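# Provided below for reference: sequence and predicted model.
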Amino acid sequence: MDHRQLTTFRMVCHTRSITRAAAELGYSQSAVTSQVKSLESVLRVSLFERRRDGVRLTAFGERFLPYAERMLTLADEARTALHADGELAGTLIVGAGESVMTYRLPALVEALHHRHPNVRLSLRIFREGQALRALERSEIDVCLLSAVDRPSGDFRLRDLGADDVVLVAAPGLPVPSDLMGCRFLIAQPDCLYARILAAEIGMPAEAALQFGTLEGVKKAVAAGLGVALLPRVVVADLVDSGEAAILPWRAANPARLYAAWTGKHEGSRELDALVALMSRTSREDLRLVS
C-alpha cells in the first residue's frame, strides 16, 4: 500500500462518496475507484460496500481506518521532522459549520497559502455538534466552531473571540420593541442561532419558519418574511446593500469562536501556524488581508 491509496481511502471514508472524494482530491472518479481496488487487493479484503446512495465501510474497513489514519499521521510527522528548519508542508483537515466554512474560511485559506504555500487545507462542513465528534474520531485535524458555552472534552482549545451575531430584518418590516409576535426565521431547530433565540427571547422553534441553510434564511430576510439572528459577517452584504437592517438587540450570553484540536497534533508546526494565523486575525472576523 502507498500514501496515495491511504489518502484516497480516508477521503472516501469521510465523504462516503467516490464522486465527492474525487472532487476533493482533484482526481477522476475512475482513479479513485482504481486506488480503492488496489488497496483492497493488497489487503485481500473488501473495504467498502457499494450502495445506490454511496459507499459504506465494511467491518474490515472500520477495522482498517484507524491504522490508515495512524500511517498518514506518521508520514506527516516524518515529513515535518525532515523539514523542521525549512518550509512548512502537509495537509490539515479542517471541520466547521456552515457560517464559519462559507463566510470566514475562504480568506483564511488564501492567507495561509500566501504565507505557507506548501500547506494545504482540506475543508469539511458539518452540522452543529458533529465537527467535535469528527475530531474525537480523528477524521479531522482541527475544528472551528461557534458556541455559547466553552466546548468540553479532551481538546486543546483556543478562544478566537466573540462571534458577533445580530438580529436583522428587512427595512420597513414592522418589528415590536419587545419582539413579541415576530415571525422568526431559522435554518434548523437545533442550530446555534435558533437555540439562542429560544433561550433569550423565548421563541418556540416549532413556530419559526425553517429554511435549511443560512443562505436560505438570508434570502427570506431580504424578502421581508421575518426576523433572523445571524452572524454579522453573514449578513454584511445585505446590510451594505440596504436589503436588511440590524435591530437594536444584543444577546445577553453571546456566542464565541473556538479552534479545537486533539493532543495527537501537539507540536505540529503546520497546525501551530494555522492556529496562530486565526488568533492574529480573529479581531478582523477572519476576513484576512494576505
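Here it is on my side, so go on.
# residues in contact with residue 252?
residue 200 (Cβ atoms under 8 Å, 6 or more residues apart in numbering). Glycine gets a C-beta too; all of them are placed from N, C-alpha and C.
# and the gap between it and residue 141?
Using Cβ to Cβ, to the nearest Å, residue 252 is found at 34 Å from residue 141.
# mean confidence for stretch 250-266?
For stretch 250-266, mean pLDDT rounds to 81.
# ugh, wrong one, stretch 271-289
Per-residue scores along stretch 271-289 average to 62.
# then stretch 91-107?
83.
# just the endpoints, please. Distance across it?
17 Å (Cα to Cα, to the nearest Å).
# could you look up the SS state of residue 253?
Secondary structure state of residue 253, per DSSP: H, G, I helix; E, B strand; the rest coil, is coil.
# my guess is it contacts residue 162, does it?
No: the criterion here is Cβ atoms under 8 Å, and residue 253 misses it with residue 162 at 11.3 Å.
# low-confidence ranges, the stretch 101-250 of the chain, go.
128, 205 (pLDDT under 70).
# and the helices in it, which stretches?
Taking DSSP state H, counting those that start in this stretch as the criterion, the stretch 101-250 of the chain contains helices spanning 105-115, 130-136, 192-200, 214-222, 232-241.
# what about the longest helix in the protein?
helix 59-82 (DSSP state H).
# any idea how far the helix or strand just after that helix is from the middle of the chain?
On the C-terminal side of helix 59-82, the closest following helix or strand by DSSP states H and E is strand 90-96. Mean-position distance between strand 90-96 and its chain equals 9 Å (Cα atoms, centre = their mean, to the nearest Å).
# run through who's touching strand 90-96.
14, 76, 79-80, 104-105, 118-126, 131, 134-135, 139-145, 270-271, 274.
# can you tell me which of these are buried?
Among the contacts of strand 90-96, the ones that count as buried by 16 or more other Cβ atoms under 10 Å are 14, 76, 80, 104-105, 119, 121-124, 126, 131, 134-135, 139-145, 270-271, 274.
# that older thread, angle of the longest helix of the chain against strand 90-96?
Going by axes from the mean of the first three to the mean of the last three Cα atoms, to 10 degrees, helix 59-82 is angled at 120 degrees with respect to strand 90-96.
# tell me what helix 59-82 is packed against?
Contacts defined by 3 or more Cβ pairs under 8 Å, 6 or more residues apart in numbering; DSSP states H and E place helix 59-82 against helix 3-15, strand 90-96, helix 269-281.
# grab the most central residue of the protein for me.
For the chain, residue 96 is the residue whose C-alpha lies nearest the centre (Cα atoms, centre = their mean; 1.4 Å).
# residue 254 versus that one, what's the distance?
Counting by Cβ to Cβ, the gap from residue 96 to residue 254 is 19 Å.
# residues in contact with the residue nearest to residue 224 when sequence neighbours are not counted?
Sequence neighbours aside, residue 170 is the residue nearest to residue 224 in space, at 4.0 Å (criterion: Cβ to Cβ, 6 or more residues apart in numbering). Residues in contact with residue 170 (Cβ under 8 Å, 6+ apart) are 221-224, 243-245.
# and those, which of them are in strands?
Taking DSSP state E, the ones among the contacts of residue 170 that sit in strands are residue 245.
# so how do I select the buried members of the contacts of residue 170 in PyMOL?
Selection command for PyMOL covering only the buried members of the contacts of residue 170, criterion 16+ other Cβ under 10 Å:
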select buried, resi 221+222+243+244+245
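# ok, which pair from the contacts of residue 170 is furthest apart?
Across the contacts of residue 170, the longest distance by Cβ to Cβ is 14.1 Å; it joins 223 and 245.
# that's all I had, so thanks and see you.
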